[in-house]
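[1] Just need the structure, nothing else, for what follows:
(one chain, ligands or ions: 1)
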Amino acid sequence: MSDDVYKPPYALTERIVDLVERIGEELGRASVGERSLRLRRANRIRSIHGSVAIEGNTLSEEQVSAILEGKRVIAPPREILEVQNALEAYDQLVGWSPANESDLLSAHAVMMNGLLDDAGRYRVKSAGVAGKEGVIHVAPPADRVPFLMKQLFQWLETTELHPLVSGAVFHYEFEFIHPFADGNGRMGRLWQTLILCRWNSVFGDIAVESMIHEHQQEYYEAINASNAAVNCAPFIEFMLQVILETIQTDQVDDQVSDQVKRLLDAVGGGRLSASELMERLGLSHRPTFRKNYLKPALEGGLVAMTLPDSPRSPTQKYFLTSKGKRLLEMV
Ligand SMILES: Nc1ncnc2c1ncn2[C@@H]1O[C@H](COP(=O)(O)OP(=O)(O)OP(=O)(O)O)[C@@H](O)[C@H]1O
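    Residues are numbered from 1 along each chain as shown. Modelled structure (predicted):
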């Protein structure tokens, strides 16, 4: 890269290098080609739900799914339009090129169609981000935005950084500039997904945005910490951790047997003994229940014991871990 190309401020920490390596290993294990259509569809819904929920959209995953199916949903029209637009944008995603600025503007036009007068155009007014105690970020003046965005795209086109890292850097820099009057969060997450998709198409089929939503507070804290340090390493580390967790969760879902899924469903929100679970599942052969249902669910960290120090206790009960709950929501 030549010296006169803008370089965003970041440091490559040991943790970043380690996370990139671990993500690579996990992806090597993933059965990408075999991912079922059901899981791909569920993940698309979760991505869109996660991304719009971060910005306060109140629609549930079920409602997002209903909109995708063209069903009528009772909800505020603006929120329905936000979801419809996001569905359209994610549908068109692979047709856009990450380093093409006019594609970003086209994507914003789709994402904000009918929601913003300036859809598809950079802002012409000042912008900032408000926290609980007032303004926490003042974005660069509007007349600087076209130049700053041009620089950012030039950097993206020429950087030799690993896409796992350049995607996070782009996302952070994009939020710093806040180029649009609205829709910056959704667009930053969409563009990072696009950068990742170009590197490995599996990122079109997994729900990184949903995991960001689950760690929303840390997402904001990572941006704030990067702003304060004038170095986006905290944000890169946060994003890589989220990506790693998304891949791990997704793999579990892909590999979990139907029996384990039935067990998770039977446990639900309760605390139940082995006998109660067998009854719910209509099973009478305890060794089969242990081998095919309970053992893999415990080993996969999907179900936990109320008395982990006395596994054989007659009063032992089982409940879903947060990983189990998440998986149950997905299936
Ligand atoms: N301190 C911060 N500095 C810069 N960007 C931030 C900061 N905190 C959060 N953000 C980013 O800004 C996004 C929210 O921006 P804003 O409140 O302006 O919403 P928006 O531009 O209307 O777009 P959207 O509603 O899609 O996020 C967050 O999702 C996050 O990506």
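
[2] Residue 264: what secondary structure?
    Classification of residue 264 using DSSP: H, G, I helix; E, B strand; the rest coil returns helix.

[3] What helix or strand is the closest residue to the ligand within the chain located in?
    When scored by CB to the nearest ligand atom, the chain has residue 185 as its residue closest to the ligand, at 2.2 Å. C-beta here means a position set from N, CA and C on the backbone, and glycine is covered the same way. Residue 185 is part of helix 184-199 when elements are defined by DSSP states H and E.

[4] buried stuff in that helix?
    184-198 (16 or more other CB atoms under 10 Å).

[5] Give the next helix or strand downstream of it.
    Scanning onward from helix 184-199 (DSSP H and E), the first element met is helix 208-214.

[6] Write out the residues of the stretch 201-331 of the chain neighbouring the ligand.
    Contacts of the stretch 201-331 of the chain with the ligand, taken as CB under 6 Å from any ligand atom, map to 220, 223-224, 227.

[7] how about 8 Å then?
    Within reach of the ligand by CB under 8 Å from any ligand atom, the stretch 201-331 of the chain has these residues: 219-220, 223-224, 227.

[8] who touches stretch 260-280?
    By CB atoms under 8 Å, 6 or more residues apart in numbering, the residues outside stretch 260-280 that reach it are 281, 284, 286, 289-290, 293-294, 296-297, 300, 302-303, 306, 315-320, 324, 327-328, 331.

[9] Let me fix that, I meant to ask about stretch 82-100.
    Here stretch 82-100 has contacts from 44, 47-49, 51-52, 55, 57, 59, 63-64, 67-68, 103-104, 106-107, 110-115, 153, 156-157, 170, 186, 190-191, 193-195, 197-198, 204, using CB under 8 Å, 6+ apart.

[10] Please state the offset of that stretch from the chain centre?
    Relative to its chain's centre, stretch 82-100 lies at 15 Å (CA atoms, centre = their mean, to the nearest Å).

[11] Let me know the average pLDDT across stretch 244-254.
    Confidence for stretch 244-254, expressed as mean pLDDT, is 82.

[12] Then stretch 4-21?
    pLDDT averaged over stretch 4-21 gives 93.

[13] So which bits of it are buried?
    In stretch 4-21, counting by 16+ other CB under 10 Å, buried: 8, 10, 16, 19-20.

[14] Kindly report the same for stretch 283-297.
    For stretch 283-297, burial by neighbour count (16+ other CB under 10 Å) applies to 283, 289, 292-294, 296-297.

[15] So what's the residue count around the closest residue to residue 266 other than its chain neighbours?
    Nearest residue to residue 266 in three dimensions, chain neighbours excluded: residue 280, at 4.2 Å (CB to CB, 6 or more residues apart in numbering). Neighbour count of residue 280, defined by other CB atoms under 10 Å: 16.

[16] Assign a three-state SS to residue 280, would you?
    helix.

[17] Need the residues that contact stretch 145-163.
    So stretch 145-163 is in contact with 1-2, 5-8, 20, 98-101, 104, 122-123, 140, 166, 169-170, 173-174, 177, 179, 195-196, 198-199, going by CB under 8 Å, 6+ apart.

[18] again with stretch 223-237
    8-13, 15-16, 19, 136-137, 165, 168-169, 171-173, 175-176, 222.

[19] switch to 7 Å and redo it
    For stretch 223-237, the external contacting residues (CB atoms under 7 Å, 6 or more residues apart in numbering) are 8-11, 13, 15-16, 19, 136-137, 165, 168-169, 172, 175, 222.

[20] how near is residue 12 to residue 234?
    13 Å (CB to CB, to the nearest Å).

[21] For the buried residues of stretch 283-297, which two are the farthest from each other?
    The largest separation in those, counting by CB to CB, is between 283 and 296 at 14.8 Å.

[22] Below-threshold pLDDT in this structure: ranges please.
    Where the chain drops to pLDDT under 70, the residues are 1-3, 30-35, 252-254, 330-331.

[23] No more questions from me, cheers.
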